[in-house]
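1. A predicted structure for the sequence below; I have some questions about it.
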Amino acid sequence: MRPHVVLFASPGMGHLIPMTELARMLASPHRNFAVTIITKAPTLSSSGNDKESFRSSLPSSVNAVFLPTTDPYDNSFTQVFLSALSSLPFLRETIRSLKSSTRVVALIADFLSVDTSDVARELDVPFFVFGPFNLMALSFLLHSPAIDRETTMEFHDMPVIKFPGWCTEIHGIDLGATYQDRKSESYRLSLHMANQILKADGILCNSFYELEPGLASILKDKDPNHPPVYTIGPLVRSVPNQQVDSSGSIDWLNNRPNGSVLFVSFGSEGILSSEQISELAWGLELSRQHFLWVIRSPNKSSMTKLLPEGFIERNTTGLVVQSWAPQTEILGHKSTGGFLTHCGWNSVLESIMNAVPMIAWPLFAEQRINAKMLVNGIGVALRPEVQDGSVVPRDVIARVVKELMQGEGGRDARKKMLEVKAAGAKALSEDGSSFKKFSEWKKSIVI
Ligand code: UDP
């Protein structure tokens, strides 16, 4: 009987997209797993990601099961945890029922749904965590309970944080909001999450050896202090979006010169202040580069109100799109030459796999860690020089955009990107590092 893997994905496109790719990988002919993916129905209506289009995007051997929930969409850190907890009875019944007719060999949940491990243990199913992040973010998570025990200092007061294998140092402020107040509920949950991850049977991480060789070497060794870590990435959306491109982005790109367009997007959740949106608009205009900018807003007229007066009419070099655009197709388009990104890990990997150099503009979660790694550690991104927390002014934006698209900094980052892309593709190929790690993981569960 084919081994069956159950995936549990937290809501939010940043979790669902890589989990879907993991499902696709597991179900591929030479891996040959039966797969059930359990999740909340996708709710980003502007992306066309509803239940049916989600189902139809999956290979036929992957079964999608939607949680019976009517909760309003809330992707906050705390809410996602609570939502996983309230899903446990449903998960228990689903796995029980699958076990009665199939051979369930693993439950893989993303890092925010780690409490599903209780059900796995109860039903005697090996439990794995999927981290849609890099090894540096994972390494911090694994160290966090020890830091909590060993110091009472607030993270933002720590001058420098660097663990063995890290390609660069960070500051406490780079850790994101959950770590900025040790008395907060989100901090308590972060620690709980880390402790649960430490008890898992293994961690599948969406990174690859060649991207983080220092950490990959350290984490690969059998270490009693943490579960085995399998770097199986880069998992990025591999099939073209089935939806018609209502944003008009691809048609617009078709008429631009090769490598001339800067793609600007802050992911599925990122929002800038209205003051920052205005400065960004001015900065893009001053840079005189082609740009394609996705702005999250409920409708077109509210989006237009966020922009400086006359911006849309005046600008002949850019296209502004409301809320959602086919990102992987845009990054893979020959006209795209740069990506101004919030450094969400999926966006970063998609940029890498299309060899598009970046401007790092982190907003929340582990994105500042990613930015440091991309700019200081790997050298595939530039970053505007600004005071932390302040609005990035238009002249700084114009300068960094020009530098990425026309300057020496951009040329160096592009060159490095080509190397990293090649390494990523090699990692996934037969006998590549991620291919081998996946086989190791498979051996650990399928007897
Ligand atoms: N995405 C997209 N179109 C958009 C915005 C986002 O296709 O207009 C996709 C993007 O390609 C990526 C995911 O949504 O796969 C966002 O994940 P990421 O980790 O980059 O950021 P998050 O949204 O989780 O902050």
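-> Received it, and whenever you're ready, just let me know what you need.
2. Now look at stretch 357-373 and say if it contacts the ligand.
-> No - Stretch 357-373 lies apart from the ligand when judged by Cβ under 6 Å from any ligand atom; the minimum separation is 7.2 Å. For the C-beta atoms, the positions are set from N, CA and C on the backbone; glycine is no exception.
3. and that stretch, how far apart are its ends?
-> End-to-end distance of stretch 357-373 (Cα to Cα, to the nearest Å): 14 Å.
4. How far away from the center of its chain is it?
-> The chain centroid and the centroid of stretch 357-373 are separated by 11 Å, computed with Cα atoms, centre = their mean, to the nearest Å.
5. touching the ligand at all, the least confident helix or strand in the chain by mean pLDDT?
-> The least trusted helix or strand in the chain, going by mean pLDDT, DSSP states H and E, turns out to be helix 51-56, with a mean of 81. No - Helix 51-56 stays clear of the ligand (Cβ under 6 Å from any ligand atom), getting no nearer than 12.8 Å.
6. can you give me the helices for the stretch 51-200 of the chain?
-> Taking DSSP state H, counting those that start in this stretch as the test, the helices found in the stretch 51-200 of the chain are 51-56, 77-86, 88-101, 117-122, 135-150, 185-198.
7. tell me which residues of the third one are tucked away?
-> Spelled out, that is helix 88-101. Across helix 88-101, burial judged by 16 or more other Cβ atoms under 10 Å covers 90, 91, 92, 94, 95, 98.
8. Name the nearest of those residues relative to the ligand.
-> Nearest to the ligand out of the buried residues of helix 88-101 is residue 91 (Cβ to the nearest ligand atom; 22.7 Å).
9. For residue 31, the count of nearby residues, please.
-> By other Cβ atoms under 10 Å, the residues close to residue 31 number 15.
10. can you give me phi and psi for the residue of the stretch 201-350 of the chain found nearest the ligand?
-> For the stretch 201-350 of the chain, the residue closest to the ligand is residue 344, as judged by Cβ to the nearest ligand atom, at 2.3 Å. Main-chain dihedrals, residue 344, degrees, to the nearest 10: phi -60, psi 140.
11. Which helix or strand contains residue 293?
-> Using DSSP states H and E, residue 293 maps to strand 290-295.
12. near the ligand, which residues of this structure show up?
-> Within reach of the ligand by Cβ under 6 Å from any ligand atom, the chain has these residues: 12-14, 17, 237, 265, 267-270, 294, 324-328, 344-347, 350.
13. are any of these buried, and which?
-> For the residues of the chain next to the ligand, a neighbour count by 16+ other Cβ under 10 Å gives the buried set as 12-14, 17, 237, 265, 267-270, 294, 324-328, 344-347, 350.
14. Out of these, list just those in strands.
-> Those of those mapping onto strands are 265, 294, per DSSP state E.
15. list the contacts for the residue in the stretch 1-150 of the chain that the ligand sits nearest to?
-> The ligand sits closest to residue 14 of the stretch 1-150 of the chain, with a gap of 2.0 Å, by Cβ to the nearest ligand atom. By Cβ atoms under 8 Å, 6 or more residues apart in numbering, residue 14 lies in contact with 132, 267, 268, 269, 344, 345, 346.
16. out of those residues, which are inside helices?
-> Of the contacts of residue 14, the ones assigned to helices by DSSP state H are 345, 346.
17. For the one helix or strand residue 426 maps to, which outside residues touch it?
-> Assigned by DSSP H and E, residue 426 belongs to helix 408-428. The contact list for helix 408-428 (Cβ under 8 Å, 6+ apart) reads 208-211, 231, 233-234, 337-338, 349, 351-358, 378-382, 403-404, 432-435.
18. what pLDDT, on average, does that helix get?
-> Helix 408-428 shows a mean pLDDT of 98.
19. list the buried ones in it?
-> Buried residues in helix 408-428, counting neighbours by 16+ other Cβ under 10 Å, are found at 409-410, 413-414, 416-417, 420-421, 423-424, 426-428.
20. Low-confidence regions, the stretch 201-350 of the chain specifically.
-> Confidence mapping of the stretch 201-350 of the chain against pLDDT under 70 gives the ranges 240-243.
21. C-alpha coordinates for stretch 408-422, CSV please?
-> This file holds the C-alpha atoms of stretch 408-422, laid out as CSV (Å, rounded to 0.1, in the frame of the first residue of the first chain):
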residue,chain,number,x,y,z
GLU,A,408,27.4,48.5,-10.1
GLY,A,409,25.6,47.3,-7.0
GLY,A,410,22.8,45.8,-9.1
ARG,A,411,25.3,44.2,-11.5
ASP,A,412,27.1,42.5,-8.6
ALA,A,413,23.9,41.3,-7.0
ARG,A,414,22.6,40.0,-10.4
LYS,A,415,25.8,38.1,-11.0
LYS,A,416,25.7,36.5,-7.5
MET,A,417,22.0,35.7,-8.1
LEU,A,418,22.9,33.7,-11.2
GLU,A,419,25.2,31.5,-9.1
VAL,A,420,22.6,31.1,-6.4
LYS,A,421,19.9,30.2,-8.8
ALA,A,422,22.1,27.5,-10.4
